[in-house]
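Colleague: Give me coordinates for this.
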Amino acid sequence: MRRRRGLVGIGVAMAVVGVMASAAAQPRGAADASDGDCPEARAKVERLEGRITPNACAFMKRQITFGELPTGTPPAPGDLEHPRVQAYLDIFDKDATLWEAGAEPQRGRDVIGASIAGSLRLVPDLRYRGTDVVADNSSVMFGQWNEVTLKGRTVAYPQIARNVLGDDGKTIQARRYYDRYVLFRDTLPKDVPKALFHGVEDSGPVPSGAPVEPEPFRAAEIPDRLAAWNDEDVDALLTRAPDARLSGPGLAEPLVTQAGKRAYLKRFFDRADVRFKAGQVTIGATTTYVEWHGTVSGEKGENIPFGIVERFGPDGAWELYFDTLPLVATGDQITTLFQKLAQP
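Modeller: Numbers count the residues shown, from 1 in each chain. So this is what the prediction gives:
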């Protein structure tokens, strides 16, 4: 969905310079996480990489505690004293902001606490385990696999919890990247719109042999990568890792053919006009997370808060994390879907 665009602003360029300076402070893997860094967290996640400072370790332990803690009796609306609500609030600074998919940021512990209390009333059995986690001092990308029960069905989905931390490990700014569409796909199949990537699949020649491992992502790539997303440049996005296996919302299996990956990105841009700025970048020994955040406009709404996290991993893995729901449903439709989901 191409529209006329202005130049990337000076503020974006300065943000990129800041990220480049941080990432360039040491060579890739030079001080990557060792087995002695935060062993309590390491034992509870699938992979932990990056620079694990004390504040990053403190955050990860709190994040894991909340994911493992049973809810018990669900909290009453707005109950900030419930033990699991307290465990969630322990993650955040008193003045923290939290952005969830499709909404404006929540600000402060009272607002964040009331929000998680409402979520735990809807899905009291919410649980998750850590997957691929990469830290870079005060920035942590915490990959996790969530499971909830909705209308008698188990719903499982990946999420990236992106956090910027204070010196005490409390989250100052948080963003959550996951696809809300999966909450409705099997629970309200007659009400949810058709999936964004319905019918997208591999076609054409299948690569033979082992994939060629791309060069490690470098901070110097950020300006061109940002331009590729904002300019809907499918060729540029694919060129970085032509042999990559693309995973993302709406895909049961990774796409491996050029035609399949191109069809996926073209479907996305047919429905989404994104205006991104560079976000956080965390670089580990084998895994890099790159965040793009801003707004999306399309047939279902204008200037909706939106973002994407890319993960470049070992063995040619390229993963995208984002919410497809605002690309297939209006705000009013989404509100109605959640109301129906909450009904017995």
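Colleague: Could you check how many residues crowd around Gly130?
Modeller: Counted with other C-beta atoms under 10 Å, the burial measure for Gly130 works out to 21 neighbours. To be clear about C-beta, it is placed using only N, CA and C from the backbone, and glycine gets the same treatment.
Colleague: go on, Ile116?
Modeller: Neighbours of Ile116 (other C-beta under 10 Å): 23.
Colleague: Tell me the spacing between Phe269 and Val155.
Modeller: 28 Å (C-beta to C-beta, to the nearest Å).
Colleague: nope, Glu215 is what I was after
Modeller: 37 Å.
Colleague: Between the two, point out the one with more neighbours.
Modeller: Val155 (17 against 9).
Colleague: Do I have it right that that one meets Tyr181?
Modeller: No: taking contact to mean C-beta atoms under 8 Å, the distance of 10.7 Å between Val155 and Tyr181 leaves them out of contact.
Colleague: Skipping adjacent residues, who's closest to Leu150 in space?
Modeller: Counting by C-beta to C-beta, 6 or more residues apart in numbering, the nearest residue to Leu150 once its immediate chain neighbours are dropped is Thr187, at 4.8 Å.
Colleague: mind listing what the one you found touches?
Modeller: Each residue near Thr187 by C-beta atoms under 8 Å, 6 or more residues apart in numbering is listed here: Leu150, Lys151, Arg153, Val155, Leu341.
Colleague: In three-state terms, label Pro214 for me.
Modeller: Remark: Pro214 carries the secondary structure label coil [criterion: DSSP: H, G, I helix; E, B strand; the rest coil].
Colleague: So the closest residue to Thr149 other than its chain neighbours versus Ala156, what's the distance?
Modeller: Leaving aside its chain neighbours, Thr149 sits nearest to Asp125 (5.2 Å; criterion: C-beta to C-beta, 6+ apart). Taken as C-beta to C-beta, the spacing of Asp125 relative to Ala156 amounts to 12 Å.
Colleague: higher neighbour count, these two?
Modeller: In this comparison of Asp125 against Ala156, neighbours counted by other C-beta under 10 Å, the higher total goes to Asp125 at 13 against 10.
Colleague: before we move on, back to that, okay but the residue nearest to Thr149 is in contact with Gly72, surely?
Modeller: No: under the criterion of C-beta under 8 Å, Asp125 lies out of contact with Gly72, with a separation of 10.6 Å.
Colleague: Just list the residues touching the spatially most central residue of the chain, thanks.
Modeller: Nearest to the centroid of the C-alpha atoms of the chain, with distances taken as C-alpha atoms, centre = their mean, sits Tyr177, at 2.8 Å. By C-beta under 8 Å, 6+ apart, Tyr177 lies in contact with Ala101, Gln159, Ile160, Arg162, Glu291, Gly307, Ile308, Val309, Tyr321, Phe322, Asp323.
Colleague: Could you give the bridge partners of the fourth one?
Modeller: What that stands for is Arg162. Each beta-bridge partner of Arg162 is listed here, defined by DSSP bridges: Met141, Arg175.
Colleague: pretty sure it contacts Ile172?
Modeller: No: counting by C-beta under 8 Å, Ile172 is not a contact partner of Arg162; they are 11.9 Å apart.
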